[in-house]
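1. got a predicted structure plus its sequence, pasted below:
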Amino acid sequence: MRFEDLIQAPELLDAVRELGWRQPTPIQEQAIPPARQGRDLVGIAQTGTGKTGAFLLPLLERQLGQDGLRTLVLCPTRELAQQVAADARALSRHTDFWVGEVVGGLPMGKQIRELRAGVELLVATPGRLIDHLQRGTVDLSGVRALVLDEADRMLDMGFRPQIEQVLAACPRQRQTLLFSATMANGVHALALRILRDPVRVEAAPSATAAAGVEQLLYPVRPERKLPLLLHLLEQPGMDQVLVFTRTRRGADRLATQLEAAGVSITVLHGDRDMGERRGALDAFASGAARVLVATDVAQRGLDIEGISHVVNYDVPLDPEDYVHRIGRTGRAGATGQAVTFQTAAELGQVRGIERLLGYRIARVSLQAFDYAGGGAARPEPARTNRSGSRFGTRRTDALSPEQLAELLRVG
C-alpha cells in the first residue's frame, strides 16, 4: 500500500515524501481509513511503529480549509508532546495550519500569546492544559477531534481527573481517537465510556516487544552492576546506549560513576528543568554523549534514531514498562538489543515480565558478575518469541585475570 492510497491532499503527500516516508506502517494502513471517515478509534500499536502519523495525517486532511482550534492531542509527557508537535509541523508545512504546544516547564506567557494568536491544532499535556482552562486562555468548544496518545501512561500517571476536565470542556459531538501500546483495564473502561461505536485496530498484540529487538538478561550481584555495565560498554557496537534506572537519585549516582570512569554521559529525569532535559536529549541525539542515563520519563516519547542498546540497570516494577523501555531501540524496522540486569531480589519482577511477554528472556551468565557464583556459564535452550525470532543464551568466556582485576578496581 502507498500513502496515495490512504490520503488525497497533495499538501500532505508532498510533506510525507519530503520526510522520506516511503510506505505506510501496519498501524497507519489500518487506522487512517476509518479515522479519515470520522470514526472513533482505538489503536493498539507498539511504540516506534508510526502511530503518530496514523492519527495526524487523517485529522490534518479532515481539517483542511477550516479555521480555529479543531484538533486537540493529549500526551502524558512534555517530551512526547514536543515530538508530536514537531511531527505535526513537519506534516503541515505546506498548509496554513498553526500548531500550538502547551506543556509544563515552559513560560506560560509565551503559550498564552500563541493561543490568542490562533492555533488550528493543539498538542498539550493534561496538567498545563487545565491551567489554561482555569485561566480562560484556551477555548475547546470548537474541537472536532480529540486524540489521547499513550492513554495507558496518562492513566498510570494519575491524569484521570485532568482528562475528565478536558473531556467536559470539549463538545460531546466530536471524533475521539485513543492510542496506546497496551490495553489495560483502565484504558478499556475509558474507551467504552468516551468513544462511540469505535473501530479497533491492532498492529501488534498488546504488550508485544518489537520484533527487531534482541533481549538478553544478565544475572548480577547488586554490587557488580556498575562493573558489568562498564564491561558491556567496552564491547563493539555499544554506540548509543540508553540506560534506565528506577529512581532519580539512582540516575544521578550512576551518571557520576560513569563520568568518573571516562564515559561520555548525560542525564534525563523529572527533577531536571526543561532546558536541562532538552539539552540532555540534544547531546544524546547528536552523539556528544554516548550514554543517556534516564528514569522512566524517557520510556515514552523519546524518538531518537540509532539507539543501539537499551540497558535496564534496574528491572522496572511494572512489567508493561519493560515493553516501553526496550521499544526505544529497534524502531521503525531497525534492529537493536535490550539488556536487563537482574539481581536475585528482582527474580519475581522478571517472571512477571516473562508472563506478560509469553516467553522466557535469554540468560547470559558471566562468572565475574553472576550472583550464582563461579563456574562455567550455564547454557539454556533457545526460546522462540512471538515474532518467531530465536533467542538463546550466549556463552561468554571467563575474563582474564588482568581484566577481572581492573573491573574489581573500578567497582
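-> Sure, I can see it.
2. C-alpha only now, for contacts and for neighbours.
-> Will do.
3. which helix or strand in the protein has the lowest average pLDDT?
-> strand 390-391 (a mean of 36; mean pLDDT, DSSP states H and E).
4. buried residues in stretch 343-358?
-> 343, 349-350, 353, 356-357 (16 or more other CA atoms under 10 Å).
5. in helices, which of those residues fall?
-> 349-350, 353, 356-357 (DSSP state H).
6. got these as CSV, with distance to L190 and pLDDT columns?
-> Formatted as CSV, these follow (distance: CA to CA, whole Å; pLDDT from 0 to 100):
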residue, distance to L190, pLDDT
Q349, 27, 93
V350, 29, 94
I353, 25, 91
L356, 22, 86
L357, 24, 87
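7. show me which pair in these is furthest apart.
-> Q349 and L357 (12.6 Å; CA to CA).
8. low pLDDT regions in the stretch 201-350 of the chain?
-> For the stretch 201-350 of the chain, residues meeting the criterion pLDDT under 70 lie at 204-211, 274, 297-303, 305, 330-334.
9. nope, the stretch 1-150 of the chain is what I meant
-> Using pLDDT under 70, the flagged stretches of the stretch 1-150 of the chain are 46-48.
10. all strands for it, in order.
-> 41-44, 71-74, 99-102, 121-124, 145-148 (DSSP state E, counting those that start in this stretch).
11. please name every helix or strand in contact with the last one.
-> Where contact means 3 or more CA pairs under 8 Å, 6 or more residues apart in numbering; DSSP states H and E, strand 145-148 is packed against strand 71-74, strand 175-180.
12. what does that strand contact?
-> If you take CA atoms under 8 Å, 6 or more residues apart in numbering as the criterion, strand 145-148 is touched by 55, 59, 70-75, 174-179.
13. restricting to C-alpha, output stretch 59-66 in PDB.
-> This file holds the C-alpha atoms of stretch 59-66, laid out as PDB (Å, rounded to 0.1, in the frame of the first residue of the first chain):
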ATOM      1  CA  LEU A  59      -7.000  14.600  11.100                       C
ATOM      2  CA  LEU A  60      -5.000  17.200   9.200                       C
ATOM      3  CA  GLU A  61      -6.700  16.200   6.000                       C
ATOM      4  CA  ARG A  62     -10.100  16.500   7.600                       C
ATOM      5  CA  GLN A  63      -9.300  19.900   8.900                       C
ATOM      6  CA  LEU A  64      -8.100  21.400   5.700                       C
ATOM      7  CA  GLY A  65      -9.900  24.700   4.900                       C
ATOM      8  CA  GLN A  66     -11.200  25.100   8.500                       C
END
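14. and that stretch, how far out from the chain middle?
-> Relative to the chain's own centre, stretch 59-66 is displaced by 27 Å; criterion: CA atoms, centre = their mean, to the nearest Å.
15. would you mind measuring from L242 to A124?
-> Noted for L242: a distance of 26 Å to A124, by CA to CA, to the nearest Å.
16. before we move on, the earlier item: now, of the contacts of strand 145-148, which are buried?
-> Counted by 16+ other CA under 10 Å, the contacts of strand 145-148 give 55, 59, 70-75, 174-179 as buried.
17. can you lay out the residues you listed as JSON lines showing distance to R128?
-> JSON lines is the format used below for these (distance: CA to CA, whole Å):
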{"residue": "F55", "distance to R128": "22"}
{"residue": "L59", "distance to R128": "23"}
{"residue": "R70", "distance to R128": "19"}
{"residue": "T71", "distance to R128": "17"}
{"residue": "L72", "distance to R128": "13"}
{"residue": "V73", "distance to R128": "13"}
{"residue": "L74", "distance to R128": "11"}
{"residue": "C75", "distance to R128": "11"}
{"residue": "R174", "distance to R128": "22"}
{"residue": "Q175", "distance to R128": "23"}
{"residue": "T176", "distance to R128": "21"}
{"residue": "L177", "distance to R128": "21"}
{"residue": "L178", "distance to R128": "20"}
{"residue": "F179", "distance to R128": "21"}
